[in-house]
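Undergrad: Provide a 3D model corresponding to the input given below.
(2 chains)
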Amino acid sequence: DIVMTQSPDSLAVSLGERATINCKSSQSVLYSSSNKNCLAWYQQKPGQPPKLLIYWASTRESGVPDRFSGSGSGTDFTLTISSLQAEDVAVYYCQQHYTSWTFGQGTRVEIK
Amino acid sequence: EVQLVESGGGLVQPGGSLRLSCVASGFTFRTKWMHWVRQVPGKGLVWVSHVNRDGSARTYADSVKGRFTISRDNAKNTVYLQMSSLRAEDTAIYYCARGGEATLDYWGQGTLVTVSS
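TA: A predicted model of the protein is given here:
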């Protein structure tokens, strides 16, 4: 099974500042035939189901603000929130879908 | 608007059974894979099972293999999760989710399953 490891487990960022979350997979999730990384990012707010933010590592889901961006390839990925807003307080999960589906442990983002 | 509505959760004794349902609307159900994912309150997400478009292919997490069965009824726009030999560690919120272009793209609100005596 592919293990997904996020860092940090939590972070506190001032409003308007940048938040960066890292995700590392135990093996590459790059489909060589399509050159696409099978990596997604989700946002989960308290009492709500997860919401898809990013797929194929860097493609923003429709309606997701452009302050959210994804990058990386192979085994190392990053979710960046360029200017943190109050409504971005949530837990963020990375997920691979290269082989079955597995999630990282989550990163809690709070306001400093 | 895509909607997924789960039902069937509740309190069940260890060793018991429960069947969850998820009714879909707002999209052509028969064209999408469907998934179940669970989450212990306050903890992380764990993928449980998936079924392909016509129900001919199903996969399971090792933790539920042999105990849980996923199925779907495309005429009723419904996906099911039959859970048996339930254990305390199966206690969680169970979400159904749609398989989109790349991965799980829409999720229901979830249904809580509590396994306890």
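Undergrad: could you use CA atoms for every contact and neighbour count after this?
TA: Fine.
Undergrad: does the residue most central in space within chain B lie in a helix or a strand, and which?
TA: Nearest residue to the geometric centre of chain B (C-alpha atoms, centre = their mean): B:Trp36, 3.1 Å. Using DSSP states H and E, B:Trp36 sits within strand B:34-39.
Undergrad: what's the following helix or strand after that strand?
TA: strand B:45-51.
Undergrad: buried set for the very next helix or strand once past that next one?
TA: For strand B:45-51, the following helix or strand on the C-terminal side (DSSP H and E) is strand B:58-60. When neighbours are counted by 16 or more other C-alpha atoms under 10 Å in any protein chain shown, the buried residues of strand B:58-60 are found to be B:Arg58, B:Tyr60.
Undergrad: which residues touch strand B:58-60?
TA: Contacting residues not belonging to strand B:58-60 are listed as B:Val48, B:Ser49, B:His50, B:Val51, B:Asn52, B:Ile70 [C-alpha atoms under 8 Å, 6 or more residues apart in numbering or on different chains].
Undergrad: tally of neighbours for the second one?
TA: Counted by other C-alpha atoms under 10 Å in any protein chain shown, the residues lying close to B:Ser49 total 25.
Undergrad: picking up where we left off before, got a list of what the residue nearest to the centre of chain B touches?
TA: B:Trp36 makes contacts with B:Trp47, B:Val48, B:Ser49, B:His50, B:Leu81, B:Tyr94, B:Tyr95, B:Cys96, B:Ala97, as judged by C-alpha under 8 Å, 6+ apart.
Undergrad: I figured the fifth one was touching B:Leu20, is that so?
TA: This points to B:Leu81. Yes - using C-alpha atoms under 8 Å, B:Leu81 is in contact with B:Leu20, at 5.0 Å.
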